[in-house]
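Trainee: got a predicted structure plus its sequence, pasted below:
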Amino acid sequence: MPKARLATVSLAGCFGCHMSLLDLDEALFELAELVEVDRSPLTDIRTMNDCDIGFIEGGCANEDNVHVARLFRKKCRLVCAVGACAVTGGIPALRNNIPLAELLATSYLQDVVDPGIPNDPELPMLLDKVYPIHEVIRVDHTLPGCPPSAQAIALFVKQLLAHEPVSLPYKELHYD
Amino acid sequence: MRFVIDGMTIEAQAGDTILTACRRAGYYIPHLCFHGDLPAQGNCRLCLVESKGRLLPSCLTKVTDGMEVASATEQLHTLRLRLTQMLFVEGNHICPSCEASGNCMLQALGYRLGLLDNHYPQFFPRRPLDASHPQMILDFNRCIQCQLCVRASDQLDQKHAFVVAGRGGEAHITASSSNGQLGSTSFAATDHAAGICPVGVFLGKGVGYVTPIGERRYDRADIAQAGDRNA
Ligand code: SF4
Ligand code: SF4
């Protein structure tokens, strides 16, 4: 059986979900028999081929996140929101009920030396809120958890590859 | 008196609702706004069951002899899942930053129903914290408006420390004082109302994370076995 191609990315996340994937330790060898890793922080490949599965960690906090999420939708047969932030917005979404202007003013204008809101063309514009991935693109599967455990991620991948419905044992389903 | 639920025969006493009879018999029906010490109010709708093709809140429906009831159906599972997802998106439930995580009945219900996503767009409402009381913080971001605190303070503590303010989508729970702050009521951390919240609104000051995340009530067992956190 040819290996499935897997792309992964961390948007408005903390890389915790990627760390959890690495937590598979020696089981990573088993996973490497099943998937070829395409674009991912783990390979440091920046270009992207057509993939079978795309894992998105983190929600969309800025315009670059939206661009990457849309690219994943175009290139991946199955797009998966992995981890609490991708699924619900998570910790970064704690800012969501405070207007952006108020947040920027508090961070960059009040009580700081040399006040000024960063405005370099290299910096992606912030969105008004942090959006869960399914509010930006269509998502095929979700895996909650902050982060999902290594075992949950491995099981999730196996179920996707076997075209089985995603179903986690009680101990592996977590929102924290 | 007897009735049948999901093919099982259960004994009921005069005046029992379907939910109270099932609870006594140890048969779990999902619920969030029900508490055994208070009259049922039918707010959350999670305890809906089906009888003769009609959906009925089991916390308010009296048992009649020989009635046939279904709770574990696919239709009811889907309805309960959607209701739970609505409760999640309506507030700000950021479980990784919540002290109640692992002890929370909303979360436990999500686990039991196999909830993997919130399905609906998030509301991300702006809700205030009330840290005015010396012993307790209220984080209304997590309130599901079950009104258990309101009812417990009224009926068990005789204090009327909480009230529902606003209407429709603006309805919310607040402290019942002229400035709307808990510190200006006679509420005490030993009140029944302090321990009855099914989710993570009431947070004791000066304590936290006594039991580590991962070892808490609903980390160890499903809510049907582990029971209600506010029981
Ligand atoms: S109250 Fe429950 S569902 Fe809400 S954030 Fe806390 S643990 Fe999660
Ligand atoms: S604060 Fe807790 S007990 Fe009171 S209405 Fe909200 S969820 Fe229910």
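Mentor: In hand now; what should we look at? Ligands and ions are numbered 1, 2, ... in the order given.
Trainee: span of stretch A:32-39 from start to end?
Mentor: Taking Cα to Cα, to the nearest Å as the measure, stretch A:32-39 stretches 15 Å from start to finish.
Trainee: list the buried residues in that stretch.
Mentor: A:35, A:37-39 (16 or more other Cβ atoms under 10 Å in any protein chain shown). To be clear about C-beta, it is placed using only N, CA and C from the backbone, and glycine gets the same treatment.
Trainee: just put the residues you listed in CSV and tack on distance to chain B and pLDDT.
Mentor: Formatted as CSV, the buried residues of stretch A:32-39 follow (distance: Cβ to the nearest Cβ, whole Å; pLDDT from 0 to 100):
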residue, distance to chain B, pLDDT
A:35, 21, 95
A:37, 24, 95
A:38, 24, 96
A:39, 24, 96
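Trainee: quick one: which of those sit in strands?
Mentor: Among the buried residues of stretch A:32-39, DSSP state E puts A:35, A:37 in strands.
Trainee: adding distance to residue A:81, write the buried residues of stretch A:32-39 out as a markdown table.
Mentor: Output for those, formatted as a markdown table (distance: Cβ to Cβ, whole Å):
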| residue | distance to residue A:81 |
| --- | --- |
| A:35 | 18 |
| A:37 | 19 |
| A:38 | 18 |
| A:39 | 17 |
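Trainee: just give me the closest of the buried residues of stretch A:32-39 to residue B:218.
Mentor: Among those, residue A:35 lies closest to residue B:218 (Cβ to Cβ), at 32.7 Å.
Trainee: quick one: the residue of chain B positioned farthest from its centre from residue B:25, how far?
Mentor: No residue in chain B sits farther from the centre than residue B:66, which is 29.3 Å out by Cα atoms, centre = their mean. Plainly put, residue B:66 is 16 Å away from residue B:25 if you go by Cβ to Cβ, to the nearest Å.
Trainee: residue A:110 now?
Mentor: Going from residue A:110 to residue B:25 by Cβ to Cβ gives 60 Å.
Trainee: can you check the pLDDT for the most centrally placed residue in chain A?
Mentor: By Cα atoms, centre = their mean, chain A has its centre lying nearest to residue A:57, at 1.3 Å. Looking at residue A:57, its pLDDT reads 98.
Trainee: tell me what it is bridged to.
Mentor: On the basis of DSSP bridges, residue A:57 is bridged to residue A:10, residue A:82.
Trainee: which ones are touching it?
Mentor: Contacts for residue A:57 were tallied using Cβ atoms under 8 Å, 6 or more residues apart in numbering or on different chains; they are A:8-11, A:13, A:15-18, A:82-83, A:85-86.
Trainee: relative to ligand 1, which of the residues you listed is nearest.
Mentor: Proximity to ligand 1 was ranked across the contacts of residue A:57 by Cβ to the nearest ligand atom; first place goes to residue A:85, at 14.0 Å.
Trainee: roughly how far out does stretch B:199-217 sit from the chain middle?
Mentor: In terms of Cα atoms, centre = their mean, to the nearest Å, the gap separating the centre of stretch B:199-217 from the centre of its chain is 17 Å.
Trainee: what comes up buried for that stretch?
Mentor: Residues of stretch B:199-217 classed as buried by neighbour count (16+ other Cβ under 10 Å): B:199-203, B:213, B:216-217.
Trainee: wasn't residue B:56 part of a helix?
Mentor: No - under DSSP: H, G, I helix; E, B strand; the rest coil, residue B:56 falls outside any helix and is assigned strand.
Trainee: how near is the most centrally placed residue in chain B to ligand 2?
Mentor: Closest to where the C-alpha atoms of chain B average out (Cα atoms, centre = their mean) is residue B:32, at 2.5 Å. As judged by Cβ to the nearest ligand atom, to the nearest Å, residue B:32 and ligand 2 stand 8 Å apart.
Trainee: hmm, the helix or strand where residue A:102 lies in reach of chain B?
Mentor: Using DSSP states H and E, the element containing residue A:102 is helix A:100-108. No - Helix A:100-108 stays out of contact with chain B when judged by Cβ under 8 Å from any Cβ of the partner chain, the minimum separation being 10.9 Å.
Trainee: secondary structure class for residue A:55?
Mentor: Of the three states, residue A:55 takes strand under three-state DSSP.
Trainee: for it, which non-adjacent residue is closest in space?
Mentor: Leaving aside its chain neighbours, residue A:55 sits nearest to residue A:8 (4.2 Å; criterion: Cβ to Cβ, 6 or more residues apart in numbering or on different chains).
Trainee: would you verify that that neighbour is located in a strand?
Mentor: Yes - assignment of residue A:8 by three-state DSSP places it within a strand.
Trainee: tell me the pLDDT of it.
Mentor: pLDDT recorded at residue A:8 is 98.
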